[in-house]
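# I would like the atomic coordinates for the input below:
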Amino acid sequence: MDYEEILAVKTAWYYYMENMTQQQISEKLGVSRIRVMKILEKAKKDGIIQFKIRQDGEQHMQVERQLADKWGLKDTFVVPTPHMGENLNETIAKAAAMYISHRISENCFINMGYGDTLSKILNHLATMNEFTVSVVSLTGGVSYYLPNAQSHTFNAKLYLIPTPLLVSSKEMVSAMREEPSVREIFRMVRLASMTLVGIGGMGDDATVLENGILSKNDFLYLSMKGAVGDVLSHFIDKDGVPVQTHVEDRLISTSLKTLRELDNVVGVAAGASKVDAIRAALRGKYIDILITDEETALRLIEEDNSV
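As a prediction, the model looks like this:
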């Protein structure tokens, strides 16, 4: 082998077998990170790197295609369902962070919704990326956009709506939205190249219920009004139509109308308790891309029965 072939083999080995980053390989071999990327690409074309898809992997890709075709999605990313007892939210948060990190650049903005899964995604993104991630919040509720205690490196620049998620009155919402600092963040939402939203169910583990923003009586009332879940804390019925209640009137959040107008909206949600909510969000055409687990995907591919 000549020098270029040896370099390609070393680069491929470090990247795929030793899980080194492109930056680490760059420093080890004394070449630029751009050169490392080009070497890996050429190694694939020249057959130095070869991939074999197992049969179960092929079936997995079929699930992704069927899900995308059924709901008219631009893309889907379906991860294996974790074994019982493992944290499904953590699994799909890691998967979403991986998906997003390969599709954003240093100078772009991403919009981020509210919720436990989204908070995990943000923390994973901010620790795995080599460049600073610029994140614009889509809702009030500052605490869920901040780094958690385990984040030793938080490589993100946050542009947050400086308000609570839910306020005392409709009039207070109007007044806060007129504040220059709040208006500026809402203006920035339309500049983002990608938008991430969670899809909440109506179970006891709902973020807005666990953190005390809404009570169980609120949830009961919303269910009686036909709510099956929420997107950006806007509660929707089985057809994805917003449910008009006192909660909606007091909410500081990007509207679902605006969400529909954004490009590359990624919905991240999984689990049996969220199937109805995810289906409703898909019917409402609020998302372009769905990241979920295999069991949830199969249920969404099944006959589209009313809920």
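# next, count neighbours for Tyr286.
As a burial measure, Tyr286 scores 22 neighbours (other C-beta atoms under 10 Å). For the C-beta atoms, the positions are set from N, CA and C on the backbone; glycine is no exception.
# just Leu67 next, same as before
Neighbours of Leu67 under the rule other C-beta under 10 Å: 23.
# and what of the one 4 residues further on?
Other residues lying near Trp71 total 19 when counted by other C-beta under 10 Å.
# so for the longest strand anywhere in the chain, what's the average pLDDT?
Secondary structure of the chain per DSSP state E: the longest strand is strand 194-200. Averaging pLDDT along strand 194-200 gives 96.
# which other helices and strands contact it?
Packing contacts for strand 194-200, counted by 3 or more C-beta pairs under 8 Å, 6 or more residues apart in numbering; DSSP states H and E, involve helix 88-101, strand 109-112, helix 116-128, helix 207-210, strand 229-231, strand 265-268, helix 275-283.
# same for the first one, what does it pack against?
When you say that, I think you mean helix 88-101. Packed against helix 88-101 by the contact rule (3+ C-beta pairs under 8 Å, 6+ apart) you find strand 75-79, helix 116-128, strand 194-200, strand 265-268, strand 289-293.
# partners of the last one in the sheet?
Strand 289-293 sits in its sheet next to strand 75-79 (parallel), strand 265-268 (parallel), going by DSSP bridges.
# could you dump the helices and strands packed on strand 194-200 into a markdown table with mean neighbour count, distance to Ile289 and mean pLDDT added?
Output for these, formatted as a markdown table (neighbours: other C-beta atoms under 10 Å; distance: least, C-beta to C-beta, whole Å; pLDDT from 0 to 100):
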| stretch | mean neighbour count | distance to Ile289 | mean pLDDT |
| --- | --- | --- | --- |
| helix 88-101 | 21 | 8 | 90 |
| strand 109-112 | 24 | 13 | 95 |
| helix 116-128 | 22 | 13 | 87 |
| helix 207-210 | 18 | 21 | 87 |
| strand 229-231 | 30 | 14 | 97 |
| strand 265-268 | 26 | 4 | 97 |
| helix 275-283 | 23 | 11 | 97 |
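# in JSON lines: the ones you listed, plus distance to Arg33.
Output for the helices and strands packed on strand 194-200, formatted as JSON lines (distance: least, C-beta to C-beta, whole Å):
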{"stretch": "helix 88-101", "distance to Arg33": "15"}
{"stretch": "strand 109-112", "distance to Arg33": "22"}
{"stretch": "helix 116-128", "distance to Arg33": "16"}
{"stretch": "helix 207-210", "distance to Arg33": "38"}
{"stretch": "strand 229-231", "distance to Arg33": "37"}
{"stretch": "strand 265-268", "distance to Arg33": "26"}
{"stretch": "helix 275-283", "distance to Arg33": "38"}
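# for Arg187, which of the ones you listed is the nearest?
Nearest to Arg187, of all those, is strand 109-112, at 11.7 Å by C-beta to C-beta.
# domain assignment for the chain?
1-44, 55-299 (the TED database).
# which one of those domains has the poorest average confidence?
domain 1-44 (a mean of 87).
# same for the helix or strand hosting Val182, what does it pack against?
Using DSSP states H and E, the element containing Val182 is helix 180-188. For helix 180-188, the elements it packs on are strand 133-137, helix 170-177, judged by 3+ C-beta pairs under 8 Å, 6+ apart.
# just put these in a markdown table and tack on distance to Leu29 and mean neighbour count.
A markdown table is the format used below for the helices and strands packed on helix 180-188 (distance: least, C-beta to C-beta, whole Å; neighbours: other C-beta atoms under 10 Å):
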| stretch | distance to Leu29 | mean neighbour count |
| --- | --- | --- |
| strand 133-137 | 27 | 23 |
| helix 170-177 | 53 | 14 |
